[in-house]
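Chemist: sequence and predicted structure are below.
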Amino acid sequence: MIKEYLEVGQIVGTHGVRGEIRLNPWCDSPEFVKQFKTLYFGSNGQNGVKVLACRPHGNVALIKLDGVDTVEAASALRNKILYMKRSDAKISEGSYFIAELCDCTVVDADDENKVYGILTDVSETGANDVWHIEKDGTEYLIPAIPQVVDSVDVKTGIIKIRPLKGIFEDED
């Protein structure tokens, strides 16, 4: 489902004495965070704060936020979640955020009345993502590969798949 504001990461500490924060990014890389001019402390876009500078530093992003000028002010933000506005994000066509895939209904590509369940999580394995689909308390794992995933429509919340044989118990 399309969400206007998405979690971009969690503030895990400070850097230096001039108020920089260390953000553990919940996205593909710390580099992704550099594109945002404004981040938000609220999941509905409240408490926006201007990003004055952002740079990757290992597996974290070092960010200088407007109005956060001391190590004490930065330290007070520890463990807070920062959000991004989806329309500010530049992603390639056909790419989706994991948060938007979660809660989508997964159906058969050839028979939309055949519901496999709800996508609840995505595991990034390196070779390909693995989608966690839950139905009636049972979790099924499917590879998110072109041979399986027919179409994804996060606007309607429908994902159409052609599962590999043996993944779902009631498959013929």
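Modeler: Perfect, thanks for sending it.

Chemist: relative to the whole chain's centre, how far out is the helix or strand bottoming out on mean pLDDT in the chain?
Modeler: Counting by mean pLDDT, DSSP states H and E, the chain has its least confident helix or strand at helix 98-101, which shows a mean of 87. How far helix 98-101 lies from its chain's middle: 6 Å, per C-alpha atoms, centre = their mean, to the nearest Å.

Chemist: what of stretch 121-140?
Modeler: 14 Å.

Chemist: quick one: buried residues of that stretch?
Modeler: 122, 129, 131-133, 140 (16 or more other C-beta atoms under 10 Å). C-beta here means a position set from N, CA and C on the backbone, and glycine is covered the same way.

Chemist: swap in stretch 143-154?
Modeler: Across stretch 143-154, burial judged by 16+ other C-beta under 10 Å covers 143-144, 148-149, 152, 154.

Chemist: restrict that stretch to CA atoms and write it as CSV.
Modeler: Taking C-alpha atoms only, stretch 143-154 is exported to CSV below (Å, rounded to 0.1, in the frame of the first residue of the first chain):
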residue,chain,number,x,y,z
PRO,A,143,11.5,-16.0,-4.0
ALA,A,144,10.9,-12.6,-5.4
ILE,A,145,12.1,-13.5,-8.9
PRO,A,146,10.6,-12.7,-12.3
GLN,A,147,9.6,-16.4,-12.8
VAL,A,148,7.4,-16.1,-9.7
VAL,A,149,6.2,-12.5,-9.4
ASP,A,150,3.9,-11.6,-12.2
SER,A,151,2.8,-8.1,-11.2
VAL,A,152,2.9,-5.7,-8.2
ASP,A,153,0.4,-3.0,-7.7
VAL,A,154,1.1,-1.2,-4.4
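
Chemist: change the start of the numbering to 50 and stick with it
Modeler: Sure thing, new numbering starts at 50, so read that last one as stretch 192-203.

Chemist: thanks a lot, catch you later.
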